[in-house]
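Visitor: Just the structure for this:
(one chain, ligands or ions: 2)
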Amino acid sequence: MDLAQRVKNSIRDIPDYPKKGIIFKDITTLLNDGELFSEVIDYFAKKYENVDFVCGIESRGFIFGAAIAAKIKKGFVPLRKKGKLPYTTIAEKYALEYGFDEIEIHIDAFKDIKNPKVLLVDDLIATGGTAEAAIKLIQKIGGDVVAAAFLIELTFLDGADKIRELGVDVDSLVKY
Ligand SMILES: O=P(O)(O)OC[C@H]1O[C@H](OP(=O)(O)OP(=O)(O)O)[C@H](O)[C@@H]1O
Ligand SMILES: Nc1ncnc2[nH]cnc12
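Guide: Ligands and ions are numbered 1, 2, ... in the order given. Predicted structure coming up:
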């Protein structure tokens, strides 16, 4: 069975979480499978070994983004929910499938590297609001987002189109 199918089989659906009508894709069951988790990390690491930085979105994006960054021995940059980063930040507000939020990035996250190649990582793209905000922040501090990688894409919410309209490639392993 191919990797995408095995990942699909390992993800658990939780109906009506966190709100009625949402089918929540629970990745903890995938993380529990050490072999499969490691294969997912290797899959993305191999494709993006030439980037300069990996950016991950709090909080589930940290799990995959940090593991990919460590595997390819590149720096990891956290995009965090408002008020969590200690140094000077810039922020973007956004809407998501079940609410509103705001994320931030440290202004010096790419140090003095000019126009670094950046891979954006999150576990899931739904409306694309979170990833769009992340891309805007990365670009504002000089990053060149070569791709946005997701484990899961909820195609019926058209988030990937929103990201492609920004000129960024979308790479999702499994689609629903
Ligand atoms: O495409 P969108 O509609 O913007 O939704 C996708 C985002 O929603 C989830 O995060 P959430 O904000 O629930 O945070 P968490 O990872 O801390 O649970 C998911 O991990 C993505 O970051
Ligand atoms: N349906 C969903 N399952 C898990 N994470 C999500 N983030 C946004 N929508 C989601």
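
Visitor: Report pLDDT for the residue positioned nearest the centre of the chain.
Guide: Within the chain, one residue has its C-alpha closest to the average C-alpha position: by C-alpha atoms, centre = their mean, that is Asp122, at 1.6 Å. The confidence metric pLDDT takes the value 98 at Asp122.

Visitor: doesn't it fall inside a strand?
Guide: Yes. Secondary structure of Asp122 (DSSP: H, G, I helix; E, B strand; the rest coil): part of a strand.

Visitor: That one reaches Thr130, doesn't it?
Guide: Yes. The pair formed by Asp122 and Thr130 meets the contact definition of C-beta atoms under 8 Å, at 6.7 Å. To be clear about C-beta, it is placed using only N, CA and C from the backbone, and glycine gets the same treatment.

Visitor: Need the overlap of contacts for these two.
Guide: Taking C-beta atoms under 8 Å, 6 or more residues apart in numbering as the contact criterion, the common neighbours of Asp122 and Thr130 are Ile57.

Visitor: does the host helix or strand of Ile103 come close to ligand 2?
Guide: Taking DSSP states H and E as the definition, one finds Ile103 inside strand 99-106. No. For strand 99-106 and ligand 2, the contact criterion (C-beta under 6 Å from any ligand atom) is not met; the two come no nearer than 9.4 Å.

Visitor: can you pull the buried residues of that strand?
Guide: Judged by neighbour count using 16 or more other C-beta atoms under 10 Å, the buried positions of strand 99-106 are Ile103, Glu104, Ile105, His106.

Visitor: Who is the first one paired with across the strands?
Guide: I take that to be Ile103. With DSSP bridges applied, the residues forming beta bridges to Ile103 are Lys81, Glu92.

Visitor: what does this protein have sitting close to ligand 1?
Guide: Neighbours of ligand 1 within the chain, by C-beta under 6 Å from any ligand atom: 57-61, 96-97, 101, 122-130, 159.

Visitor: From those, which land in strands?
Guide: Secondary structure assignment by DSSP state E places Ile57, Leu96, Asp101, Asp122, Asp123, Leu124, Ile125 of the residues of the chain next to ligand 1 in strands.
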